[in-house]
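Visitor: Here's my sequence, what's the structure:
(chains A and B, ligands or ions: 2)
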Amino acid sequence: MTLSLSTPDFLIERNRDRCINCRVCVRQCANEAHIWDEEEQRVKSDDALCVDCQRCVTLCPTHALTIRKYPLEFRENANWSANAIKAIYKQAESGGILLTGMGNDQPYPIFWDHLLLNASQVTNPSIDPLREPMELKTFLGRKPEKLMMRDGKLVEDMPPQLELEVPIMFSAMSYGSISLNAIKSLAAAAEKTGIMYNTGEGGLHKDLYKYGKNTIVQVASGRFGVHPQYLEAGAAIEIKIGQGAKPGIGGHLPGEKVGLEVSQTRMIPEGTDAISPAPHHDIYSIEDLRQLIYSLKEATQYRKPVGVKIAAVHNIAAIASGIARAGADIIAIDGFRGGTGAAPLRTRDNVGLPIELALAAVDSRLREEGIRNQVSLVIGGSIRNSADIVKAIALGADAVYIGTAALISLGCHLCQKCNTGKCNWGIATQNPQLVKRLNPEIGAERAANLISAWEHEIKELLGGMGINAIESLRGNRLMLRGIGLSDRELSILGVMAAGE
Amino acid sequence: MLREGQVRIPSGCAISGIMNKRGEVFSGQDIIKSIALMHDRSNGLGGGFAAYGIYPDYPEHYAFHLYYEEQAAKEKTEQKLNSLFHVAESGKIPTRRVSSIRQAPLAWRYFVRPKPESLLEDESEDELVVRTVMHINSQIKGAFVVSSGQNMGAFKGVGFPEDMGEYFRLEEYKGNIWLAHGRFPTNTPGWWGGAHPFTLLDWSIVHNGEISSYGANKRYLEMFGYRLTMQTDTEAITYAFDLLLRKQNVPLDIAIATLAAPFWRDIERMDPERQKLFKTVRAVYGSLLLNGPFSIILGSNKGIVALNDRLKLRSLVAASQGDFLYVASEESAIREICPNPERVWAPRGGEPVIGLFEEGGNLV
Ligand code: SF4
Ligand code: SF4
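Guide: Ligands and ions are numbered 1, 2, ... in the order given. The predicted model follows:
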């Protein structure tokens, strides 16, 4: 083998005055960046192995560790960045595609940060959420155009709905891509806060059936772990067509992550790669999607809403309209900043659309066609805080999915190495030693805390706008103004400029 | 400066309404006195009235009240009306000179019946009228339809409401329902068409408040073909009632539970059947919930409904005396014309005051 031209990404600095050679960092680092030198009787490090997950920094009892960007300065070149050069070294060595984890990290515009919210002054009063009821209850599912009533009674029941106490859900993350403890944390947090979590495409582990009423079960192209009890177990079913981080690409769970429990849950042999094909091989067109939607509805006697999840791509408005007409009750759209357990780097960083634009375009189109009430819109793909949620709902979303934010609440430090299976935080790993670092009870509490914290903040922002029910914000783009946006962007977002 | 409709103008207001439940008619004098008492709640930039039962000679005819800013608009409008309707009578709406009223448009009225051949397939007479109103307001420059209902009319403009009443000689009319509105817009270019009440067919609405849900309400109504050209809350509220009551045949109590929905905590305390009903109403019609402060009076040929927002963020008082029902922004505005009513009460947030004519019938 020839000399590797790759250089470290990070520099591990150990303050020798503080280090007591306790070897915590050695035990904590699954990447083996910290090494115990028997001869010298002290801890050393290999910078090249560090992924900057901050596990050692957080756990070091004497705060002896600092991780820095490796100070390797290539000769300045506005065209050839260090990342561009290093990627070529890697590929020249491996001959393979570059893989990564988590969402698009490139400096594309973040439209949430170019939208400002309104507040009441004089002409109408703001409402104090501590004194007045502030209602966030949200229903997801098909709504009829009108209520049919006779003699003061409903003539027919509403189609099945998901009822959320807060318009937030944990987005699809499969057992396999994340650990059972991570899923248990989210499932229990969803139950505590009256929201939903989503199984992702990895089936439903036997320990999780008890969270059924807070579960959305996913049906993806690999059909892993899909069987009648599975479909019946959840409150809703979601067909996964695509994912924001890798539109047009299927999933790949390497055989080493397919241990006994994952293999049982996914219903595949232990140790085999779990490969989800890029398309569903029974969906090559919109009418095929309709068939799958109705097969799933038939299989569950029309008692559960059936949703379809797609990645935000260029023709998103027309695609969403087709999905609504194909009979979906919920459309979930994932923007290009959405996270992933593993994705080809070039796809992640270059394919798809910002969710803000996709959402605005879809909501406008469905309204123009008069079918917005036939389908609920859920969006994800980098919701970072409660203000993003309020803006999303004002643009037209019914609810949001959070994935990355949920994992951060469990301790994820966004090192983007989920694909390696060595997550030091016990999240994106199946290594039992690592998984047990995440206590599902503590995890559930932290994730539930995040939801309640955001719930309070949403109420605060709503009250300021003089609104006391979330439905009055939905699609209410008059509550938004754009700042630093072009006319074209403003018109796609359907908002006026700040000052107008 | 942009006109009402091109820009959204928040405003505060005074409202007042009187009805005789037996349908007996009375002069417009009382309503003028009542609204005049709340002079300080308006600022002279808008006042108006709606009156029902005032055209007994033409009870079946649609009474079109029109404002013209130029002669050409009148010619075009009349061409349109003559092509779609039989015009039984037309003429200038009588006015008198009032020193404070300036730049009044030409006010004209027409009593018309649809020509059967004008109706599109499956189109009702009401729908033809709505289509005509939308056409005139959006396509004929300088023309504006003030009202278009049967046996009713709206009179409104730029000025204090009491001056407007004098200008249109309302004491000479006799009606069985009178609604009045005095407006305090934060800014307005002073356009007569932009004053209130807002009307559609025989619906009329006077409203005080600024609803924070306007953007959500508007975008929902647009899905059902309504064009919200005025950008006012009143217009949105009128269309919401029209959609629920006329187009979708929803019972009045459910329409009210849509616009001023009960809180979830109250729904939880209902019996299971009502719980399901109200849950469904809120889930299906959530986008029509009116949020933020409002008090409204809705008039029609069947009666009136007065309603507050569910937090009661705007004042609204009701009173009754014999066959008369009174509602107003302030109790003093009622006592001014009915000093000792048998009953006076402040309706709770979301709790409607409903007055229907005794010969019965629902509001639609
Ligand atoms: S955890 Fe901290 S103190 Fe312990 S060996 Fe590592 S650097 Fe030294
Ligand atoms: S889940 Fe783990 S591996 Fe993935 S980014 Fe977060 S800390 Fe890194």
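
Visitor: Can you check my assumption that residue B:207 lies in a strand?
Guide: Yes - counting by DSSP: H, G, I helix; E, B strand; the rest coil, residue B:207 is part of a strand.

Visitor: show me the contacts for it.
Guide: Applying C-beta atoms under 8 Å, 6 or more residues apart in numbering or on different chains, we find residue B:207 in contact with B:13, B:15, B:181, B:196, B:198, B:233-234, B:237, B:294-297. Every C-beta, even on glycine, is put in place using the N, C-alpha and C of the backbone.

Visitor: In those residues, find the pair that's most separated.
Guide: B:198 and B:295 (15.0 Å; C-beta to C-beta).

Visitor: picking up where we left off before, show me which of the contacts of residue B:207 is closest to residue A:93.
Guide: The nearest member of those to residue A:93, counting by C-beta to C-beta, is residue B:233 at 66.3 Å.

Visitor: quick one: low-confidence parts of the chain?
Guide: Just going to use chain A. A:1-2 (pLDDT under 70).

Visitor: was after chain B, sorry
Guide: Within chain B, the segments meeting pLDDT under 70 span B:1-12, B:185-190, B:360-364.

Visitor: Domain-wise, how is it divided?
Guide: B:1-54+B:152-364, B:58-150 (automatic domain parsing).

Visitor: any idea how far residue A:256 is from the residue of chain B most remote from its centre?
Guide: The C-alpha centroid of chain B is most remote from residue B:272, which lies 36.0 Å away (C-alpha atoms, centre = their mean). Applying C-beta to C-beta, to the nearest Å, the value for residue B:272 to residue A:256 is 53 Å.

Visitor: try residue A:416
Guide: Distance, residue A:416 to residue A:256, by C-beta to C-beta: 20 Å.

Visitor: In terms of neighbours, single out the busier of those two.
Guide: Neighbours per residue (other C-beta atoms under 10 Å in any protein chain shown) separate residue A:416 from residue A:256, with residue A:416 holding more: 19 against 11.

Visitor: what secondary structure does the more buried one sit in?
Guide: Residue A:416 ends up coil, using three-state DSSP.

Visitor: Pull the distance from stretch B:256-269 to the chain's centre.
Guide: Remark: stretch B:256-269 is offset 25 Å from the chain centroid, using C-alpha atoms, centre = their mean, to the nearest Å.

Visitor: For it, could you pull out the residues that count as buried?
Guide: B:256-264, B:267 (16 or more other C-beta atoms under 10 Å in any protein chain shown).

Visitor: and what of stretch B:304-312?
Guide: Using 16+ other C-beta under 10 Å as the test for burial, stretch B:304-312 gives B:304-312.

Visitor: now swap in stretch A:153-173 and tell me
Guide: A:154, A:158, A:160-164, A:166-173.

Visitor: So which of these belong to helices?
Guide: Judged by DSSP state H, helices contain none of those.

Visitor: Spatially, which two of the buried residues of stretch B:304-312 are the most separated?
Guide: B:304 and B:311 (22.4 Å).

Visitor: returning to what we had before: just the buried residues of stretch A:153-173 that are near ligand 2?
Guide: Among these, not one lies near ligand 2 by C-beta under 6 Å from any ligand atom.

Visitor: which one of those residues sits closest to residue A:312?
Guide: residue A:171 (13.7 Å).

Visitor: Report the separation between residue A:377 and ligand 2.
Guide: Remark: distance between residue A:377 and ligand 2 (C-beta to the nearest ligand atom, to the nearest Å) = 27 Å.

Visitor: er, residue A:424 I mean
Guide: 7 Å.

Visitor: who touches the closest residue to that residue other than its chain neighbours in this structure?
Guide: Closest residue in space to residue A:424, ignoring its immediate chain neighbours: residue A:55 at 3.8 Å, by C-beta to C-beta, 6 or more residues apart in numbering or on different chains. Each residue near residue A:55 by C-beta under 8 Å, 6+ apart is listed here: A:28-29, A:413, A:424-425.

Visitor: ok, those vs chain B, which is closest?
Guide: residue A:425 (37.4 Å; C-beta to the nearest C-beta).

Visitor: Let me see the contact set for the residue lying closest to the closest one once chain neighbours are set aside.
Guide: Nearest residue to residue A:425 in three dimensions, chain neighbours excluded: residue A:411, at 4.3 Å (C-beta to C-beta, 6+ apart). If you count contacts by C-beta under 8 Å, 6+ apart, residue A:411 has them with A:425-427, A:438, A:443, A:446.

Visitor: Distance check, the residue lying closest to residue B:84 once chain neighbours are set aside against residue B:76.
Guide: Leaving aside its sequence neighbours, residue B:84 sits nearest to residue B:118 (C-beta to C-beta, 6+ apart; 4.2 Å). According to C-beta to C-beta, residue B:118 stands 17 Å off from residue B:76.

Visitor: Then residue A:354?
Guide: In this view, residue A:354 and residue B:76 are 47 Å apart by C-beta to C-beta.

Visitor: Which one of these two is surrounded by more residues?
Guide: Between residue A:354 and residue B:76, counting by other C-beta under 10 Å, residue A:354 is the more crowded of the two (21 against 18).

Visitor: how close does the residue nearest to residue A:425 get to chain B?
Guide: 34 Å (C-beta to the nearest C-beta, to the nearest Å).

Visitor: next one: residue A:397
Guide: Relative to chain B, and taking C-beta to the nearest C-beta, residue A:397 is found at 13 Å.

Visitor: Kindly report the same for residue A:310.
Guide: Note on residue A:310: its distance to chain B, by C-beta to the nearest C-beta, is 23 Å.

Visitor: And residue A:356, by the same measure?
Guide: Residue A:356 is 17 Å from chain B, where distance means C-beta to the nearest C-beta.

Visitor: same check, this time on residue A:468
Guide: 6 Å.

Visitor: Residue A:433 too?
Guide: Taken as C-beta to the nearest C-beta, the span from residue A:433 to chain B is 46 Å.

Visitor: give the contact list for residue 321.
Guide: Assuming you mean chain A. So residue A:321 contacts A:362, A:365-366, A:369, A:371 (C-beta under 8 Å, 6+ apart).

Visitor: that answer is for a different chain, and I need it for chain B
Guide: By C-beta under 8 Å, 6+ apart, residue B:321 lies in contact with B:338, B:340-343.

Visitor: again with residue B:37
Guide: Contacts were defined as C-beta under 8 Å, 6+ apart; by that measure residue B:37 touches B:330, B:332-333, B:336.

Visitor: Next: residue B:168.
Guide: B:49, B:93-95, B:107, B:155.

Visitor: Now render the residues you listed as TSV, adding distance to residue B:347, secondary structure and neighbour count.
Guide: Output for the contacts of residue B:168, formatted as TSV (distance: C-beta to C-beta, whole Å; DSSP: H, G, I helix; E, B strand; the rest coil; neighbours: other C-beta atoms under 10 Å in any protein chain shown):
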residue	distance to residue B:347	secondary structure	neighbour count
B:49	22	strand	28
B:93	34	coil	16
B:94	36	coil	12
B:95	36	coil	17
B:107	35	strand	20
B:155	27	strand	28
